[in-house]
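**Q** Sequence unavailable; structure follows:
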C-alpha cells in the first residue's frame, strides 16, 4: 500500500499540490530505474548491424554450433567477464570452422550437380533468375521510367534556367524600376512595354 501511495503521490489522503512537477519527478525516477535494470535483463549488444547471410547450405551441425555461439555471446554481454569471453571466442572459432566445412561440402555438391546433364537445366534456370532479378517490372506510367526517358512534361524547355522570384526582383532593380513605378498601374505598363520588340 505504501508503494502505491508513493507512486500515486498520495500523502495523508490527498495528492501533491503541483501535479506537473510530481509527474515529471515520477517519470524521471522510472526512467532512471529502467536504465539501471535494463542492461541486466536484456543484455548489451555490440551495436553492429546484422547482415543478411545465405543459409541454404546450413545443416543441423552448423545451426547447433551457431546457436551455441549466440548463447555464449549473450552470456558474455550480460556477465562481461574473462571466462565468458574465452568461451565465446572458442565457440566463435569452432562455429567458423564448421560453417566453412559445411559451405565447402554444399558448394561441391552444387558444382557436381551443375556439371551433370540434368544440372545444365538448373544452371540455365539460375541464370534466368539472376537476369530477371535485375529487371525493372513496373508499368510505363512509373515516374522513374518517365524520368529515364528524359522528356518530363512542363512549361520550361530543357536547358533553360528556372525563373525564381528573387531573379525577377534583381532584374527589376537592374532596370531601375522603383516602388512608386510598381504601384502606379499606368507607369508599370509603360515600364513593362519598354522591353517589347
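**A** Done, it's in. Everything quoted here is computed from the prediction, not taken from an experiment. Numbers count the residues shown, from 1 in each chain.

**Q** if I look at residue 101, how far off is residue 61?
**A** 9 Å (CB to CB, to the nearest Å). Using the backbone N, CA and C atoms, a C-beta is placed for each residue, glycine as well.

**Q** for this structure, what's the longest helix?
**A** For the chain, the longest helix by residue count, based on DSSP state H, is helix 82-115.

**Q** for it, what is the average pLDDT?
**A** Mean per-residue pLDDT for helix 82-115: 91.

**Q** for it, packing partners?
**A** helix 60-79, helix 117-133 (3 or more CB pairs under 8 Å, 6 or more residues apart in numbering; DSSP states H and E).

**Q** Pop the domain breakdown of this structure in here.
**A** Taking automatic domain parsing as the reference, the chain has its domains at 2-41, 60-133, 162-197.

**Q** Tell me the secondary structure at the most centrally placed residue in the chain.
**A** In the chain, the residue lying closest to the centroid (CA atoms, centre = their mean) is residue 49, at 10.6 Å. Secondary structure, DSSP: H, G, I helix; E, B strand; the rest coil: residue 49 is coil.

**Q** Likewise for residue 177?
**A** Under three-state DSSP, residue 177 comes out as coil.

**Q** Go ahead and confirm it touches residue 191.
**A** Yes. With contact defined as CB atoms under 8 Å, residue 177 and residue 191 form a contacting pair (5.5 Å).

**Q** okay, the helices and strands packed on helix 82-115, which one's buried deepest?
**A** Ranked by mean neighbour count, those are led by helix 60-79 with a mean of 16 (mean count of other CB atoms under 10 Å).

**Q** Next, the angle helix 82-115 makes with that helix.
**A** 150 degrees (axes from the mean of the first three to the mean of the last three CA atoms, to 10 degrees).

**Q** Which elements pack onto helix 60-79?
**A** Against helix 60-79 (3+ CB pairs under 8 Å, 6+ apart) you get helix 82-115.

**Q** Now do the buried residues in the helix it packs on.
**A** Residues 84, 87-88, 91-92, 95, 98-99, 102, 106 are the ones in helix 82-115 that count as buried (16 or more other CB atoms under 10 Å).
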